[in-house]
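In: Next input, structure requested:
(one chain, ligands or ions: 2)
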Amino acid sequence: MNGTPSPEQLRDALRLMWRIRAMEERVGQLKRAGEVHGLIHLSVGQEGVAAAVCGQLRDDDAVYSGHRAHGHALAKGAPLPAVLAELMGRVDGLCKGLGGSMHLVDVEHGLLGATGVVGGNIPMALGSALAARMRGSDAVAVVFFGDGAVQAGQFNESINIATLWKLPVVFVCENNGFAEFSPRSSHTNVERVSDVVAPYELPRETVDGNELASVWTVFGRMLAAVRAGEGPALLECLTHRLRGHYEGDPDRYREAVSKAEWQEKDPILRLQRQGAADGWLAEGDPAELEAAARAEVDEAVEAARRSPFPDEALAASLVRPGGMS
Ligand SMILES: Cc1ncc(C[n+]2csc(CCOP(=O)(O)OP(=O)(O)O)c2C)c(N)n1
Ligand SMILES: [Mg+2]
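Out: Ligands and ions are numbered 1, 2, ... in the order given. Below you'll find the predicted structure:
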């Protein structure tokens, strides 16, 4: 698990990235058609981080995510039909259709929660890490957050306590250079998130988040040390979202960033180029993986359409003792 990823692991990661991409592109369409509800943040272009990190975790490792959570949920093992049904507000969804995009939870697979509160997930990961230690388990907690969350006070508080108590937590920052519509340079002088935590002397690294193998290798090394009880680590993944901040964002603030350049760095296309060059991917494989992912998504959309919306009784049952199981 520690070294560079094997061809099988790379292939599995590519399959997963296609499933995330296909589902999110469809979610964008469903949002425009009024079939997906609430504010929707897609991670198109950032799938490499979710795949490389979650591809190395166990079900009993806890994952926390934020408002851009769909990819993390799929990567951690949440069933695609249940994620899609949740986004469509149906009872077959992960949270019976009552949570939606920013509240995805799948306890069975260790997805302990997405949240719309930027930075609010970071201290929660410390709780899971502390619980694992108290149980005598070597499970770890991983928290995904953006570069914007680093300016929230809880980030500093959490790094402080996690390092002081040597908690088994990996902080994974997806630094896409923007917090909503503000470039990083407009809200901090510290360019690298890995530099923000320097005084705490925890293992910290910045990697190209669009190169799956780099994220995999560095995260794998950190994970092994964190699991072995050596205390927390921080991984900063430089990446880029290829869509607006939210679906419907007019996207008029990215003049400084060349979209074409980032399109070239698309993590899926890069991994496919690498697979072809290294010989673990045959010529027809990318099209096959993409088609399989899109077919899985089509089927999940049809299943979700057949699933009812939650009724009032279900919502009411949540506020009574002995409510939703
Ligand atoms: C506590 C809090 N403050 C502000 C917001 C509004 N908000 C939603 S997303 C976002 C930007 C987050 O940027 P980043 O953490 O870099 O994540 P990204 O959207 O780039 O993935 C903000 C400020 C919020 N949801 N919660
Ligand atoms: Mg950001």
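In: So Arg68 is in contact with His41, correct?
Out: Yes: the pair Arg68 and His41 passes the contact test of Cβ atoms under 8 Å, sitting 4.4 Å apart. Using the backbone N, CA and C atoms, a C-beta is placed for each residue, glycine as well.
In: Apart from its chain neighbours, what residue comes closest to Gly113?
Out: Nearest non-adjacent residue to Gly113, counting by Cβ to Cβ, 6 or more residues apart in numbering: Val105, 4.9 Å away.
In: what's the burial count for Phe219?
Out: Number of residues near Phe219 (other Cβ atoms under 10 Å) recorded here: 26.
In: I'd like the next helix or strand past the host helix or strand of it.
Out: In this structure, Phe219 is located in helix 212-227 according to DSSP states H and E. Per DSSP H and E, helix 212-227 leads on to strand 233-238 as the next helix or strand towards the C-terminus.
In: Neighbouring strands of that next one in the sheet, and parallel or not?
Out: The partner list of strand 233-238 in its sheet, established with DSSP bridges, is strand 169-175 (parallel), strand 204-208 (parallel).
In: In a markdown table, list these along with mean pLDDT.
Out: Output for these, formatted as a markdown table (pLDDT from 0 to 100):
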| stretch | mean pLDDT |
| --- | --- |
| strand 169-175 | 98 |
| strand 204-208 | 98 |
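In: Would you mind reformatting these (as TSV) and adding columns for distance to Trp18 while you're at it?
Out: What follows is these, written out as TSV (distance: least, Cβ to Cβ, whole Å):
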stretch	distance to Trp18
strand 169-175	19
strand 204-208	20
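In: what about those strands, which gets the closest to Pro123?
Out: strand 169-175 (10.2 Å; Cβ to Cβ).
In: Taking their axis directions, the closest one and helix 212-227 sit at what angle?
Out: 150 degrees (axes from the mean of the first three to the mean of the last three Cα atoms, to 10 degrees).
In: Distance from strand 169-175 to the middle of the chain?
Out: In terms of Cα atoms, centre = their mean, to the nearest Å, the centre of strand 169-175 is found 10 Å from the chain centre.
In: what do you get for stretch 100-118?
Out: That offset, for stretch 100-118, works out to 10 Å (Cα atoms, centre = their mean).
In: Just the buried positions in that stretch, please.
Out: 100-106, 109-116, 118 (16 or more other Cβ atoms under 10 Å).
In: With stretch 8-25 instead?
Out: 9-11, 13-25.
In: just stretch 233-252 next, same as before
Out: 233-247.
In: and if you look at stretch 130-143?
Out: Applying 16+ other Cβ under 10 Å to stretch 130-143 flags Leu130, Ala132, Arg133, Ala139, Val140, Ala141, Val142, Val143 as buried.
In: Please save the CA atoms from that stretch in PDB.
Out: Presented in PDB, the C-alpha positions along stretch 130-143 are these (Å, rounded to 0.1, in the frame of the first residue of the first chain):
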ATOM      1  CA  LEU A 130      -9.700  10.400  19.200                       C
ATOM      2  CA  ALA A 131     -12.500   7.900  19.400                       C
ATOM      3  CA  ALA A 132     -10.500   5.400  17.300                       C
ATOM      4  CA  ARG A 133      -7.600   5.800  19.600                       C
ATOM      5  CA  MET A 134      -9.800   5.300  22.700                       C
ATOM      6  CA  ARG A 135     -11.200   2.100  21.100                       C
ATOM      7  CA  GLY A 136      -7.700   0.800  20.600                       C
ATOM      8  CA  SER A 137      -8.200   0.800  16.800                       C
ATOM      9  CA  ASP A 138      -5.700   1.800  14.200                       C
ATOM     10  CA  ALA A 139      -8.400   3.500  12.100                       C
ATOM     11  CA  VAL A 140      -7.700   7.000  11.000                       C
ATOM     12  CA  ALA A 141      -9.800  10.100  10.200                       C
ATOM     13  CA  VAL A 142      -9.400  12.000   6.900                       C
ATOM     14  CA  VAL A 143     -10.800  15.400   6.400                       C
END
